[in-house]
Structure formats: structure tokens, C-alpha cells
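S.K.: I would like the atomic coordinates for the input below:
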Amino acid sequence: MALSKKQKAQGPSVDREKFYGVDEAISLVKQNATAKFDETVELALNLGVDPRHADQMVRGVVNLPKGTGKTVRVAVFAKGAKADEATKAGADIVGAEDLMQTIQDGKIDFDRVIATPDMMGVVGRLGKVLGPKGLMPNPKLGTVTMDVAKAVTDAKGGQVEFRVEKAGIIHAGIGKASFSEGDLKENFTAFMDAIHRSKPSGAKGKFVKKVSLTSTMGPGIKLDLEEVPGA
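M.R.: I've put the predicted structure just below:
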């Protein structure tokens, strides 16, 4: 039976029932990323937690050693010398009440928000706007800080935030299909280490239940948990 052009363009077929080792899964993800753009390599985790309970929430940040391959736009709430620091560090938007007004007007042209502690009174008024988008600054994530320069550098240099969804699932990008297999594995390992460090006190039984990798347009590939670091 003749193959279609689309089938010929696709990489090796993936067995949806099979569990793959990490190295083989990463290789397959790269080979199946055949879109005309540089696809994001995405990780999905099913965790044994119920995030409706505060002691089972999984949330944190990780600095991916090989970066994300994504351009991150950063907005900073700061005044005076701290505003100057943020600008020098490469922040895309820096402001105070004027930035609040811009956001209230519906202009949200950024991926991360950082604030100095003294600005949280202003930022707090944007909770209903920033909260649902996952953009609200948080001291635990290092986005409410006096060291705005480091926070901006981290955000632009490969830092990824993660948060478990209602069904106990975490999704995150760990690089681009153009990355080498070694770089993707290094980022994957760093992300899994961060997940395990974030294991909540209320988690009972098996913490990591399922792990899969995919690219933006590619098939999902299930991983053998015995080969996943710490799973």
C-alpha cells in the first residue's frame, strides 16, 4: 500500500502501548518532530496527589541547564534603583502604577512577572487578571524578590515554573526538537529532580505514576518508569 506524503514525512512509528526507555523516547520524539517549525519537546507527568488539598500541592521552579530554546518576555514591578537593575538585566517591561494600568487595559505582552516586595500592594490589585494566567509573582518561586537582576536573568536563561493541575498532571516544555539528545536528556533529568524535591508531605503511595514525552505536533511516547530518574 502506497504511503502518503504526510506518512513519508513522519518519523518512525510509535507503539502507543509500549513503554520506552528515556534515551529511545527522546530519539523518537526528535525523529517524529517533522513540522516546519522548531517544535517544543513537552513532558507530561501524572502524579499521585490531589492538589485540592494544600498538603498535596506540587509547585516550584527549575533552571534547565541547557535552557528552553524559548524567548521569554519579562515584566518587572519596581521603582528607582531596582527598576534600573531590572532594565540592565534585560527586563522587557519595567514599571509600577503605569504598568498596572497597562495590564488593566488588557495589554499582557509578557510571559513572567517579577516584583520587589514593596510593589506587591500594587500587584495585588491585579490578582484577578494575573492569577488565572499563572503570572502572579510568588516569593516561593523567587518572583517576589529584591534581587530583581538575578530573577530576570534566571527567567530568561532557562527557568521553568511548574504547577500540578486538578487531575494531578504537570505539563512543561523541556527544550526544542533542534536540541541534541544529550541536551534534552540533561534538561529532562533536571526537571525530574526538581519534581522529586517538590514532593509534598501529604503525598501517599506512588508519587510519579506516569511519564510521557511528545513534541508539539508529534505522538505521545510513554516512558518506562524503571528508567526514569527517581520514579
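S.K.: How many residues are close by K206?
M.R.: 10 (other Cβ atoms under 10 Å). No exception for glycine: its C-beta is placed from N, CA and C like everyone else's.
S.K.: cool, H171 as well?
M.R.: Counted with other Cβ under 10 Å, H171 comes out at 13.
S.K.: that's a strand at it, yeah?
M.R.: Yes - according to DSSP: H, G, I helix; E, B strand; the rest coil, H171 belongs to a strand.
S.K.: surely it meets E42?
M.R.: Yes - at 6.4 Å, H171 and E42 qualify as touching, with contact defined as Cβ atoms under 8 Å.
S.K.: which residues does the closest residue to T153 other than its chain neighbours contact?
M.R.: Excluding its sequence neighbours, the residue lying closest to T153 (Cβ to Cβ, 6 or more residues apart in numbering) is A89, at 5.6 Å. Going by Cβ atoms under 8 Å, 6 or more residues apart in numbering, A89 touches V148, A149, K150, V152, T153.
S.K.: quick one: which of the residues you listed is most hemmed in?
M.R.: Among these, V148 has the most neighbours (other Cβ under 10 Å), with 27 neighbours.
S.K.: contacting residues around that one?
M.R.: So V148 contacts V76, A78, K82, E85, A86, A89, A91, I114, T116 (Cβ under 8 Å, 6+ apart).
S.K.: and the residue lying closest to the second one once chain neighbours are set aside, what is it in contact with?
M.R.: Excluding the flanking residues, the one nearest A78 by Cβ to Cβ, 6+ apart is T116, at 4.8 Å. With contacts defined as Cβ under 8 Å, 6+ apart, the neighbours of T116 are F77, A78, K79, K82, V144, T145, M146, V148.
S.K.: Now distance to Q101 and pLDDT too, for those residues, in a markdown table please.
M.R.: Compiled in a markdown table, the contacts of T116 are given as follows (distance: Cβ to Cβ, whole Å; pLDDT from 0 to 100):
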| residue | distance to Q101 | pLDDT |
| --- | --- | --- |
| F77 | 12 | 98 |
| A78 | 16 | 97 |
| K79 | 15 | 96 |
| K82 | 19 | 97 |
| V144 | 21 | 96 |
| T145 | 23 | 96 |
| M146 | 24 | 97 |
| V148 | 20 | 97 |
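S.K.: Outline the domain layout of this protein.
M.R.: Domains of the chain are assigned by automatic domain parsing as 14-68+159-227, 74-156.
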